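# Provided below for reference: sequence and predicted model.
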Amino acid sequence: MAIPLRMQSYLQQFSVSYDVLHHPYSEGSEYTARIAGVPADRMAKAVLTEDHEGRHLLALIPADHRLSLYQLDSSLQRRFHLVSESQVAEMFADCSRGAVPALGGAYHLETVVDDALLRQDELYLEAGDHEDLIHLSGPQFRTLMNSAAHGYFSSNRELDYGVYS
């Protein structure tokens, strides 16, 4: 499967240059990073949430982290919960099931980025399937996320508890 046209158009809209890294089939951001040979802290995992009023929010965190709904709630002064897999599949119908793209703007989704990602020199994003990653520079990623809110709302899996991925 090629990168969905919606994602390609979004990248072109911002004049972002990127490479595509092909890897063996994998599911799960942390496993994908490992099998693709990229650092998990440089792979953006997208987690789709919904607030108490039904508004969706795409939270981007490093693949080796877990989302803290408590920290997200506190940061944005809203209550969030994870969205069901069937809702995710419906919202990203042009992507393979479970391959949630980290380009919320391409899908007109409010997006929030964990500051741990914004510090990176390079990033890898799910390309809409389970065999390709979009590789771009840190400055290019920050250009794409310029209008997104940001903060710390995740923590390393090995160090935290009471969080969700």
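Noted; the coordinates are in hand. Residues are numbered from 1 along each chain as shown.

# can we go C-alpha only for contacts and neighbour counts from here?
OK.

# Could I get the full set of strands for this structure?
19-22, 43-51, 56-62, 65-67, 80-82, 110-114, 122-126, 132-137, 149-151, 154-156 (DSSP state E).

# Pipe these into TSV and attach mean neighbour count, distance to Glu90 and mean pLDDT per row.
Shown next, in TSV, are the strands of the chain (neighbours: other C-alpha atoms under 10 Å; distance: least, C-alpha to C-alpha, whole Å; pLDDT from 0 to 100):
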stretch	mean neighbour count	distance to Glu90	mean pLDDT
strand 19-22	14	25	96
strand 43-51	23	12	97
strand 56-62	25	13	97
strand 65-67	25	22	95
strand 80-82	19	15	96
strand 110-114	21	17	97
strand 122-126	25	17	97
strand 132-137	21	21	97
strand 149-151	17	24	95
strand 154-156	21	26	87
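
# mind putting those strands in TSV, distance to Asp94 included?
Shown next, in TSV, are the strands of the chain (distance: least, C-alpha to C-alpha, whole Å):
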stretch	distance to Asp94
strand 19-22	18
strand 43-51	16
strand 56-62	17
strand 65-67	25
strand 80-82	21
strand 110-114	19
strand 122-126	13
strand 132-137	15
strand 149-151	25
strand 154-156	28
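
# In the sheet, which residues pair with the most centrally placed residue in the chain? Tell me.
Residue closest to the average C-alpha location in the chain (C-alpha atoms, centre = their mean): Ala46, at 2.5 Å. Counting by DSSP bridges, Ala46 forms beta bridges with Leu60.

# pLDDT below threshold where in this protein?
1, 157-165 (pLDDT under 70).

# For it, list the residue farthest from the centre, please.
Outermost in the chain, C-alpha atoms, centre = their mean: Glu53 at 22.1 Å.

# mind listing what that residue touches?
For Glu53, the contact set (C-alpha atoms under 8 Å, 6 or more residues apart in numbering) is empty.

# shouldn't Asp121 be in contact with His135?
No. Using C-alpha atoms under 8 Å, Asp121 is not in contact with His135; the gap is 11.0 Å.

# my guess is Ala89 contacts Gly128, does it?
No. The criterion here is C-alpha under 8 Å, and Ala89 misses it with Gly128 at 11.2 Å.

# Great, nothing more from me.
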